[in-house]
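A.B. asks: Just the structure for this:
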Amino acid sequence: MPADAIEVGRIADAWGIKGWFKVLPHSASPEALFSSKRWYLLPSNRNVGANKSPSQKSAAALGASAEKPVLLKISEAKNHADTVVAFSLEVADRNQAEALKGARIFVPRSSFPTAGTDEYYWVDLLGLSVVNREGLALGQVKDLMSTGPQTVLVLSQAPAKEGQPPVERMIPFVAAFVDNVDLPGRMITVDWQLDY
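C.D. replies: Here you go, the predicted structure:
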């Protein structure tokens, strides 16, 4: 598995009789699935330790385990209704496609399409430090949340006193509050105060 591998979806089920399979992407914009022709599959981690699920059996048949992914070379991936469908020459028929159900899909971050100006992949924002215009630290991005009309940065900051829970802040990720995103410097500057 590449060091920059990111989980982008999972295989939902077989599609048709010729080995195509349905994919449930983790993003509403699944460009990463379309841009990469190399998908790395790991079995679903929901059934680890229990009886082997179909995805674990298929992964084992393809040479994968919970620690060792299988590389699947994708011939074609496209939108279909509310999901994505894909085909690989390594998946010969519906039975093999059904056996992949539940497998988690990873692609190298380096194969993602280049983001446009003032566009960012959520995965690139995680872990960035956030400071306000005065240079006061507000925390680190631990998550992002989509609220429909906008995305919200979820920050976590170490507590001022030992034994207290971390301070959590939510800042809308919109131009009105975000002054600058410095990916190489791993920092976001915002118009926000400690007591908001």
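A.B. asks: Let's test this: mean pLDDT of stretch 122-137, rounded?
C.D. replies: Here the mean pLDDT over stretch 122-137 is 95, rounded to a whole number.
A.B. asks: Start and end of it, how far apart?
C.D. replies: Between the opening and closing residues of stretch 122-137 there is a gap of 20 Å (Cα to Cα, to the nearest Å).
A.B. asks: buried stuff in it?
C.D. replies: Judged by neighbour count using 16 or more other Cβ atoms under 10 Å, the buried positions of stretch 122-137 are 122-125, 128-132. Bear in mind the C-beta positions are built from the backbone N, C-alpha and C, glycine included.
A.B. asks: Just flag the most distant two among the residues you listed.
C.D. replies: Based on Cβ to Cβ, the longest span within these runs between V123 and N132 and measures 24.1 Å.
A.B. asks: Please dump the buried residues of stretch 122-137 into CSV; it should also carry distance to M187 for every row.
C.D. replies: Formatted as CSV, the buried residues of stretch 122-137 follow (distance: Cβ to Cβ, whole Å):
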residue, distance to M187
W122, 17
V123, 17
D124, 12
L125, 11
L128, 6
S129, 5
V130, 7
V131, 6
N132, 11
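A.B. asks: Keep only those of these that are in helices.
C.D. replies: Judged by DSSP state H, the subset of the buried residues of stretch 122-137 located in helices is 122-125.
A.B. asks: and those residues as TSV, adding distance to L136?
C.D. replies: As requested, these are exported to TSV (distance: Cβ to Cβ, whole Å):
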residue	distance to L136
W122	24
V123	26
D124	23
L125	19
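A.B. asks: Which one of those is nearest to K68?
C.D. replies: Of all those, the one sitting nearest K68 is V123; the distance, using Cβ to Cβ, is 22.9 Å.
A.B. asks: re the thing from before, among the buried residues of stretch 122-137, which one lies nearest to G148?
C.D. replies: Out of those, the member with the shortest distance to G148 (by Cβ to Cβ) is W122, at 15.7 Å.
A.B. asks: Closest one of the buried residues of stretch 122-137 to N79?
C.D. replies: Within those, distances to N79 taken as Cβ to Cβ reach their minimum at W122, with 20.5 Å.
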